[in-house]
Structures are given as structure tokens and as C-alpha cells.
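Undergrad: Sequence and predicted structure below; questions after.
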Amino acid sequence: MARYRNKAATKIVSAHHLGQTRHLELQVSRELMVSMELLMPVAAMLAFDILFALMTVLVKKALDGGLNPVVLIALRQFVAAVFLAPIAYFRERAARPKFTKEIFAYLFMSALLGALFAQYLFFLGLSYTTATLAATVSNMTPVFTFLIAVPLRLETVDVRSKAGVAKIAGTLLSVGGATLLSLYKGAALTHITSSAQEHITTTTSKGRWMLGSALLLVNCITFAFWMLLQGKLTKKYPAVISSTAFMALISSLQAGALALTTQRHLSVWLLRGTTQIATVLFAGVGVSGIGYVLMTWCIEKRGPVFTAGFLPLIQIIAAVLDLFILHEQLYLGSVVGAALVIGGLYLLLWGKSKEASSASLLSAKGAEEEREKQPNL
């Protein structure tokens, strides 16, 4: 009799250990899934930043060579639509929602804000200033996105929690670093002569520089509204590649109509030289095609504020391109400002990740409790 009781006790202990092992495996699996969910949007936005920084350098050269900004938008968006259309057709054929009038209205406004207005303001401001300044002013986008999203209740901030304080402090610190990049140059850390910088300083008037800076600032506000609009669009039309392809096509038609009404000479549509051709192809396929898909996917997964928080990194990448490709000087202000941008970005991402981890764990815990209750019903 005692032997049977010992066997039963052994079975109970084994079952207990087995249950603990399964619980530990489930916990580790959940933590790995949460980590992957956090890392994938980070990698996607880093790829977008690199593509955008490269495009900024190419676009600056193309605009200086006489390429019309509206024509550039029309051509690059058309290239993006042609590139994305077959991919969207085959990959999202089964999952694509029904195309309604409401979806068309959202896509039309998304194309108008994000593709036509924002790009036109950015290109026009870029033509009046430099690629480095354009990338620097773009760092204001996270602030406008955050400030617009909070009153619209698209972003929640709990100032009593560490995550909420980190999001606020990270956004302000990141923008403070971007402002330092713009206003403080400091001592030169490299000894490279930059004839391009001297040429810009002597040929660009103060009025054009201020006008270009103002246009770039308005571009940031427009782009912030576009990101918030995309957040709503992805919920109503989650086929990311298809929505980006439709947006590219609509914006190409919008820019084409604007160019035809404002430009009397058809010669503006002709691309001159390999630089302009490479710019249109890279901007269309790399940024409007692949880049906008990555950004829209990130907005769907992590929200507009998280996505906007990565835009300051474009300034750092642009500074690296200036140093190694354009051979421009690297100054102390750039290094200190970049450090502040990275620190602020880390705080913002930490706050978002804490919120996402807490929400995922609470959801998993609730689902587990529901499963435990089911056998007792």
C-alpha cells in the first residue's frame, strides 16, 4: 500500500515539474516573440533612414542640375507604382480588403499630404539650402507628430509612469540634439577642405536660406499629419503594399496634373544626365517604393510616434555621407548633437518598448487565465 502511495506521489511531483517546465518554456517563447516584435520595426526604420539619406544627397545634385521638383515627384511616384503593383497583386491578392469610396478618400488625402505637398516642400526647401540642413530640420517631425497625436488621443502619455516620462524626455532630448546640430558648429574635428561648402556659403543668399528653412519646417508639419493619417489608413486598409502602390499612383497623377498646369514647356520632363535618371529611379524604387512600405508597416505595428522617433537618425547618416562621400568637415557640434539625438531616441524607444511589453504580457496573462478557467466551466 505504501509502495502505491509513493508511486502516486512521484507521479504528482513529476507532473508538477512538467508543468513548471512547460510554463517556463511558454514564458521564454513569449519573451522571444516580444523581442522580435520590437526589433523588426527598428531594423525597418534604420533601413528607411539609410535610403532617405542617400536620396537626399542625390536629389540635391539633381535639383542643382535643373530638374523640376514637381516633375521629380511625378516621375518617382510613377516608378514606385510600377515597381509595387505586381508585388502587391501577388502577395496581397487574398488578403486585400474591399476597395471602397472611404478607402479611396483616405488614399487620395494620403497621396496629397505625404507624397505631393510634403515632398514638394522638402525638395523646394532643399533647393534653397543644403542636404545637411534639410536632414537636420526633418528632425522636428517627431515633436510635431507627438504634439499632434496627444490631443487627438492617438498617443497616450502617463506622466506618472517611467515609460511616459521617458517618451516626453526622449522626444525633447532628441530635438534638442537636432537643434544643436543646426545652431552650434564648434571646432573642426577633421582637416578636409570643402569647396562645395564654400560655394554654398558665397552663392546662397540669406533670404533664400531662411525661405528654404521655413519650407522645410512646414514640410515637417505636413509629414506629421501624413503619419497620423497613415495610422488610421492602415487600420481600415491593412494591405500595406497595395495601399502604398495606390498612393504612389494617385500622387503621380496629382503631381503630373500640377506640372502640366504650371509648366508650359514639355522639355522639363526630359531627364538630363545619369544623375537625374539615377535620382528618379532610386527615389522611386528605394524610397517611395521600399522605403514607404517599411514606414507604413512600422506605423501599423508600432504607431506614428515610434516611427517618427527614428527620423533624427537621418541627420547622423547624412553627416557620415558628407564626411566619407562628399568629403565635408566634421565638427564638434555634430558629434555632441548626434550623441543627444541617439540618447533621446533611446529614451523614446525604451518608453515605447516598456508600454508594448506590458501590454503583451497583460494580454498573454489574460489569455492564460481564460484557458485555466475553461476546464472548470
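TA: All right, it came through fine. Here the structure is a predicted model, which means the values were calculated and not measured.
Undergrad: In whichever strand or helix holds Thr145, which of the residues would be classed as buried?
TA: Using DSSP states H and E, Thr145 maps to helix 141-149. Across helix 141-149, burial judged by 16 or more other Cβ atoms under 10 Å covers Thr141, Pro142, Val143, Phe144, Thr145, Phe146, Ile148, Ala149. Placement of C-beta: from N, CA and C, glycine included.
Undergrad: residues in contact with it?
TA: 155, 167, 171-172, 174-175, 220-221, 223-225, 227-228, 304-305, 308-309, 311-312, 348 (Cβ atoms under 8 Å, 6 or more residues apart in numbering).
Undergrad: go on, stretch 106-120?
TA: Taking Cβ under 8 Å, 6+ apart as the rule, stretch 106-120 contacts 69-70, 73, 77, 219, 222-223, 225-227, 229-230, 232-233, 236-237, 243, 246-248, 250-251, 254-255, 258, 288.
Undergrad: What of stretch 213-231?
TA: 106, 109-110, 113-114, 117-118, 121-122, 124-126, 128-129, 133-134, 137-138, 140-141, 144-145, 148-149, 152, 154, 295-296, 299-300, 303-304, 307-308.
Undergrad: average model confidence for stretch 271-282?
TA: Mean pLDDT, computed over stretch 271-282, is 92.
Undergrad: residues of that stretch that come out buried?
TA: So, applying 16+ other Cβ under 10 Å, buried residues of stretch 271-282: Leu271, Thr275, Gln276, Thr279, Val280, Leu281, Phe282.
Undergrad: Can you tell me which of these is closest to Leu211?
TA: Thr279 (22.9 Å; Cβ to Cβ).
Undergrad: Measure how far whichever strand or helix holds the closest one is from the centre of its chain, please.
TA: Assigned by DSSP H and E, Thr279 belongs to helix 273-281. Distance of helix 273-281 from the chain centroid (Cα atoms, centre = their mean, to the nearest Å) equals 24 Å.
Undergrad: for stretch 50-67, same thing?
TA: On Cα atoms, centre = their mean, the centre of stretch 50-67 falls 18 Å from the chain's centre.
Undergrad: repeat for stretch 222-231
TA: Distance, centroid of stretch 222-231 to centroid of chain: 11 Å (Cα atoms, centre = their mean).
Undergrad: on that earlier part again, want to throw the buried residues of helix 141-149 into CSV with pLDDT?
TA: Formatted as CSV, the buried residues of helix 141-149 follow (pLDDT from 0 to 100):
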residue, pLDDT
Thr141, 75
Pro142, 72
Val143, 72
Phe144, 77
Thr145, 77
Phe146, 74
Ile148, 82
Ala149, 78
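Undergrad: just those residues now: which is nearest Leu321?
TA: Distances from Leu321 to those, taken by Cβ to Cβ, are shortest for Thr141, at 19.6 Å.
Undergrad: Relative to Ser251, how far out is that closest one?
TA: 19 Å (Cβ to Cβ, to the nearest Å).
Undergrad: just Trp297 next, same as before
TA: 19 Å.
Undergrad: between these two, which one's more packed in?
TA: Ser251 (29 against 21; other Cβ atoms under 10 Å).
Undergrad: Leu67: what's its closest spatial neighbour, skipping adjacent residues?
TA: Closest residue in space to Leu67, ignoring its immediate chain neighbours: Gln276 at 5.1 Å, by Cβ to Cβ, 6 or more residues apart in numbering.
Undergrad: wait, Arg91
TA: Ile241 (6.1 Å).
Undergrad: In this structure that neighbour contacts Tyr89, no?
TA: No - the pair Ile241 / Tyr89 is not scored as a contact, 9.2 Å apart, by Cβ atoms under 8 Å.
Undergrad: okay, those two: which has more neighbours?
TA: Shown here are Ile241 and Tyr89; by other Cβ under 10 Å, Ile241 has more neighbours (21 against 13).
Undergrad: Run the chain-centre distance for stretch 143-163.
TA: Per Cα atoms, centre = their mean, the centroid offset for stretch 143-163 relative to its chain is 18 Å.
Undergrad: same question, stretch 71-89
TA: 19 Å.
Undergrad: Name the helix or strand for Pro41, please.
TA: Assessed by DSSP H and E, Pro41 sits inside helix 2-64.
Undergrad: next helix or strand past that helix?
TA: Taking DSSP H and E, what comes next after helix 2-64 is helix 69-91.
Undergrad: helix or strand right after the helix holding Thr145?
TA: helix 162-183.
Undergrad: For the residue nearest to Arg91, which residues are in contact?
TA: Leu84, Ile87, Ala88, Arg91, Glu92, Val293.
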